[in-house]
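Asker: here's my sequence, what's the structure:
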Amino acid sequence: MDTKSLVISSLIGLLVVCGISVQARGTSFVVPFSDIPVKLDGIWTQDEWNDSLRIDFQSADGKSSVYVCVKYYPKTSTLYVAYVTFDETYSPDDAFSFRLDMNHDGGGAPRSDDYLFSATRDLHFWISRGTGTDWEGELYPRPCYAGRYSWSTGWSAEMEIPVDIEDRQVLGIAFRQVDFYGTGSSDWVASDYPVGIDRNVPDAWADAVFEQKTSSISLSLSPSTITFGDSSVFAATVSTPRSSGTTSLQKSNDGIVWATFAFGTPSAGRFSSSWKPDRAGAIQIRAIWTGDLVYRNSTSPTYVLTVEKVLSNITASTDSSEVPRNQSVLVTGQISPRISTGTVEVQVSEDGTSWRNISSVVPSSGAYSLLWTPPAGRRFYLRASWSGDENHEGSVSVTLTLDVGKEEARTSMQQASTDIEAAEAEGFWSGEAKQLLEEATTEYSNATVAFNQNDYESATTHAQNAIALTGQARGAESSFRNMIMLGGGILVIVGILAYVAWKRGLPARWEESPVYLEVGDPCAELREKVKKAEKALDNAEADKKRNVDNAPQDRQKEVADAFDKLIDKRRADWLKALAELGECERKKPGPPPVQTPDGTKPKPVPEPPPPQPLPPQPPAKEPQEKPSEVAPLRPQSRRRSNQRPPNGRSLRVHCSRHPSFLNGCDLCGKPRSPQCQGANSLESWTRTLVQTRSALR
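Answerer: Numbering: from 1, shown residues only. I've put the predicted structure just below:
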């Protein structure tokens, strides 16, 4: 390269490569640390000075500028200074000097820690040291070196000064450029930086603050949310692609106390590591780079790693789904994963909604067991709940169904149903027996409701009550039938006595010696039976609606089906009672003679037209013995007996020697009615007794 080209390249390098420019107006500047060394050849290159500080001030002749670049190379503890100026008046004595106050303690004259570094255009280089009043002579051996290059329109120099400088350390610095334009000793001019200072007074020198370069570091988490037991990858990146220093990854629970879980040397500024957290929860993560000789350390922002708890599962089972009352049941289960921390709560509910704890156990390798005695006979719901721990979520088992006393309730209800059906098939006459049987039926209905509501203890109680009431109804019916049998015997005796009296003769008048029997309406009990059957049917339908509405949604159909069976049975009973009543009404005799309230004979009903005369009949044979004459009888004056049957309206049976009775009159007071034709008085009377007794049965 020729001189002209070198000069041009040097000028371009001076104006371009120095990274930071400080004009001469200031008295303080920052000198950066650099990791690029300089070759002392006096020629500036871009790769040597692109990270240095450049200071510009006017040259001594006022025709151009002086350019100074300064940087510190900490790797070898070297201070580099470069100088260039444009000067067309060549003189070998043209000089550049650099003053340095190592301790930055100032003063009015150079001290022993102050140094003067000088270089001339012909590469004469020397170093002087302060004496307290002035500068001493040249030091030998020289502790520093310089390089110089000169061309026709200017010259440049480079210096290296060995010195230990720390980050943010401040030194005093001053520069001077001297230009000789003649041969005389006074033919020269000078330019100082800072401008206008006394170059030999350290107090006036500029403050040079030496600083490491700043850095930054970022951190990424992949993923940022994990489950306990899984790992996450952490990648830290330094802003400058450095391969020095140490990058550390740290964690903290509170953001105050930090612990390193991974570290290493970055490669081109990047460091990554995989880590598995030792607990669940929110963990704060950050990255720290220690920095190096040129760059300061840096700390990344804080990131949060979310470690979710591991989902757990708990099972529960019982040794039986049905147990008798007062018998214990064994509850066992297993937690997954198989850990021995936390607490297992065994819970019970009567409706599957409201739960209460019945016992707490600590699992052993995930297993647990519990022996529990149910307090009542009904359906219970059981489940197990595990509390979890700091790394595992709690869990709840599936719900178990435990029926206590169900079989006992089922057996009692079957027995009650059988007894009631048998009693209803027998047919009861007694009102008391029927009432007891109705109460038994109600108890059975209550047992059905309780059973469908899973209250087996109440169902058992109602069913046993139904069994007891059915037994009482049978006893009452037996007593009633015995009484009826006794009453029938009495009727027979009365009939015999009446017959004997008739044979022996009757008193002169009807009302003086009547013999009559008052018997109840034979259909009265059947009417009562129909009413009760109808009432039982209505009650069953009302019970169905009430219980279906109160039953849980999933059990309403089951409850409705159970009541439909009961309603069908009640309807069949009602229809049967109606049929029996109809048959009774068809077979019972006509009403008794009608009497007015005052006992007088009612007005006669107009007789129908007389029948056609019959053909002549042969005279009737006279009986061997004629009955004694009697006075005309007055049926309207018949007296009533003080004895009445317990139910219904009365049916009067009149027995006397009235000629109409003797000639075949029936009990309705209608002489020679069709049902009485061809019968004598004794046969009609006997038939009436038999019909009355049958009606009572």
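Asker: what segments of the stretch 1-150 of the chain are helices?
Answerer: All helices of the stretch 1-150 of the chain, identified by DSSP state H, counting those that start in this stretch, fall at 3-16, 46-49.
Asker: for this protein, what are the low-confidence residue spans?
Answerer: Counting by pLDDT under 70, the ranges of the chain that qualify are 1-26, 140-143, 488, 501, 503-520, 588-697.
Asker: in it, which spans are helices?
Answerer: 3-16, 46-49, 406-426, 431-452, 456-504, 524-550, 556-587, 659-662, 681-696 (DSSP state H).
Asker: winner for burial among those helices?
Answerer: helix 431-452 (a mean of 21; mean count of other C-beta atoms under 10 Å). From N, CA and C alone the C-beta is placed, and that goes for glycine too.
Asker: who are the packing partners of that one?
Answerer: helix 406-426, helix 456-504, helix 524-550, helix 556-587 (3 or more C-beta pairs under 8 Å, 6 or more residues apart in numbering; DSSP states H and E).
Asker: distance to S97 added to those, as TSV?
Answerer: Formatted as TSV, these follow (distance: least, C-beta to C-beta, whole Å):
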stretch	distance to S97
helix 406-426	113
helix 456-504	114
helix 524-550	110
helix 556-587	110
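Asker: between the helices of the chain, which one is nearest to P74?
Answerer: Proximity to P74 (C-beta to C-beta) singles out helix 46-49 among the helices of the chain, at 16.0 Å.
Asker: that closest one - contacts with which helices or strands?
Answerer: Using 3+ C-beta pairs under 8 Å, 6+ apart, helix 46-49 sits against helix 3-16.
Asker: please repeat the previous calculation with a cut-off of 7 Å.
Answerer: Applying 3 or more C-beta pairs under 7 Å, 6 or more residues apart in numbering; DSSP states H and E, we find helix 46-49 packed against no helix or strand.
Asker: off-centre distance for that helix?
Answerer: Centroid separation for helix 46-49 versus its chain: 69 Å, with C-alpha atoms, centre = their mean, to the nearest Å.
Asker: also stretch 296-306?
Answerer: Using C-alpha atoms, centre = their mean, the offset of stretch 296-306 from its chain centre is 37 Å.
Asker: give the contact list for I197.
Answerer: Counting by C-beta atoms under 7 Å, 6 or more residues apart in numbering, I197 makes contact with A174, A204.
Asker: do the same with the one 5 residues further on
Answerer: When the contact criterion is C-beta under 7 Å, 6+ apart, the partners of P202 are D101, G106, G107, P110, D114, G172.
Asker: give me the neighbour count for the closest residue to R270 other than its chain neighbours.
Answerer: Closest residue to R270 apart from its sequence neighbours, by C-beta to C-beta, 6 or more residues apart in numbering: T237 at 5.1 Å. Counted with other C-beta atoms under 10 Å, the neighbours of T237 add up to 20.
Asker: any idea how far T237 is from S272?
Answerer: According to C-beta to C-beta, to the nearest Å, T237 and S272 sit 9 Å apart.
Asker: need the residues touching each of these two.
Answerer: In contact with both T237 and S272: no residue, using C-beta under 7 Å, 6+ apart.
Asker: can you name the residues bridging to the residue nearest to R270?
Answerer: Residues in a beta bridge with T237, per DSSP bridges, are S218, R270.
Asker: touching, it and G269? I think so.
Answerer: Yes - in terms of C-beta atoms under 7 Å, T237 counts as a neighbour of G269; the distance is 5.7 Å.
Asker: domain parsing for the protein?
Answerer: Using automatic domain parsing, the domains assigned to the chain come out as 3-211, 217-308, 313-404, 407-488+523-587, 635-696.
Asker: nearest to V500, out of these?
Answerer: The closest of the domains of the chain to V500 is domain 635-696. By C-beta to C-beta, the value is 11.7 Å.
Asker: please report phi then psi for T265.
Answerer: phi -90, psi 130 (degrees, to the nearest 10).
Asker: what's the closest non-adjacent residue to it?
Answerer: T246 (6.1 Å).
Asker: phi and psi next, for the one you found.
Answerer: phi -130, psi 130.
Asker: return the residues in contact with it.
Answerer: Contacts for T246 (C-beta under 7 Å, 6+ apart) come out as F263, T265, T290.
Asker: what's the burial count for I256?
Answerer: As a measure of burial, I256 has 7 neighbours, counting by other C-beta under 10 Å.
Asker: of the contacts of T246, buried ones?
Answerer: F263 (16 or more other C-beta atoms under 10 Å).
Asker: turn the contacts of T246 into CSV, including distance to T27.
Answerer: Shown next, in CSV, are those (distance: C-beta to C-beta, whole Å):
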residue, distance to T27
F263, 43
T265, 41
T290, 34
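Asker: L497: which of the domains of the chain is closest?
Answerer: domain 635-696 (9.9 Å).
Asker: quick one: contacts for W205?
Answerer: W205 neighbours (C-beta under 7 Å, 6+ apart): R99, D101, G172, I173, A174.
Asker: ok, now I36?
Answerer: D47, E48, D51.
Asker: can you give me the buried ones in stretch 358-367?
Answerer: Going by 16+ other C-beta under 10 Å, stretch 358-367 has these buried residues: I358, V361, P363, G366.
Asker: roughly how far does the residue nearest to R270 sit from T247?
Answerer: From T237 to T247 the distance is 9 Å (C-beta to C-beta).
Asker: go on, A235?
Answerer: Applying C-beta to C-beta to A235 and T247 gives a distance of 10 Å.
Asker: these two - which one has more neighbours?
Answerer: Legend: neighbour count by other C-beta under 10 Å for A235 and T247, higher for T247 (27 against 15).
Asker: give me the nearest residue to the more buried one, chain neighbours excluded.
Answerer: In space, T247 is closest to F271, 3.9 Å off (C-beta to C-beta, 6+ apart).
Asker: count of residues packed around the one you found?
Answerer: Applying other C-beta under 10 Å, we find 25 residues neighbouring F271.
Asker: same deal with R111?
Answerer: For R111, the neighbour count with other C-beta under 10 Å is 18.
Asker: ok, it - contacts?
Answerer: R111 touches G130, G132, counting by C-beta under 7 Å, 6+ apart.
Asker: what is the longest strand seen in the chain packed up against?
Answerer: Ordering each strand of the chain by length in residues (DSSP state E) puts strand 169-180 first. Applying 3+ C-beta pairs under 7 Å, 6+ apart, one finds that strand 169-180 contacts strand 95-101, strand 188-193, strand 206-211.
Asker: adding distance to Y80 and mean neighbour count, write those out as JSON lines.
Answerer: Supplementary listing: those in JSON lines, determined by distance: least, C-beta to C-beta, whole Å; neighbours: other C-beta atoms under 10 Å:
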{"stretch": "strand 95-101", "distance to Y80": "11", "mean neighbour count": "23"}
{"stretch": "strand 188-193", "distance to Y80": "17", "mean neighbour count": "18"}
{"stretch": "strand 206-211", "distance to Y80": "12", "mean neighbour count": "19"}
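Asker: between the helices and strands packed on helix 431-452, which gets nearest to E322?
Answerer: Proximity of the helices and strands packed on helix 431-452 to E322 was assessed by C-beta to C-beta; the nearest stretch is helix 406-426, lying at 5.5 Å.
Asker: off-centre distance for the closest one?
Answerer: On C-alpha atoms, centre = their mean, the centre of helix 406-426 falls 44 Å from the chain's centre.
Asker: that helix to helix 431-452, inter-axis angle?
Answerer: Here the directions of helix 406-426 and helix 431-452 differ by 150 degrees (axes from the mean of the first three to the mean of the last three C-alpha atoms, to 10 degrees).
Asker: what does helix 406-426 rub up against?
Answerer: With C-beta under 7 Å, 6+ apart as the test, helix 406-426 has contacts from 322, 324-325, 437, 440-441, 444, 447, 451, 456, 459-460, 463-464, 466-467, 470, 473-474, 573.
Asker: ok so, going back, whichever of the contacts of P202 end up buried, select them in PyMOL.
Answerer: With 16+ other C-beta under 10 Å as the burial test, the buried ones among the contacts of P202 are selected in PyMOL as follows:
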select buried, resi 101+107+110+114+172
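Asker: of the contacts of P202, which is the nearest to L400?
Answerer: G172 (88.9 Å).
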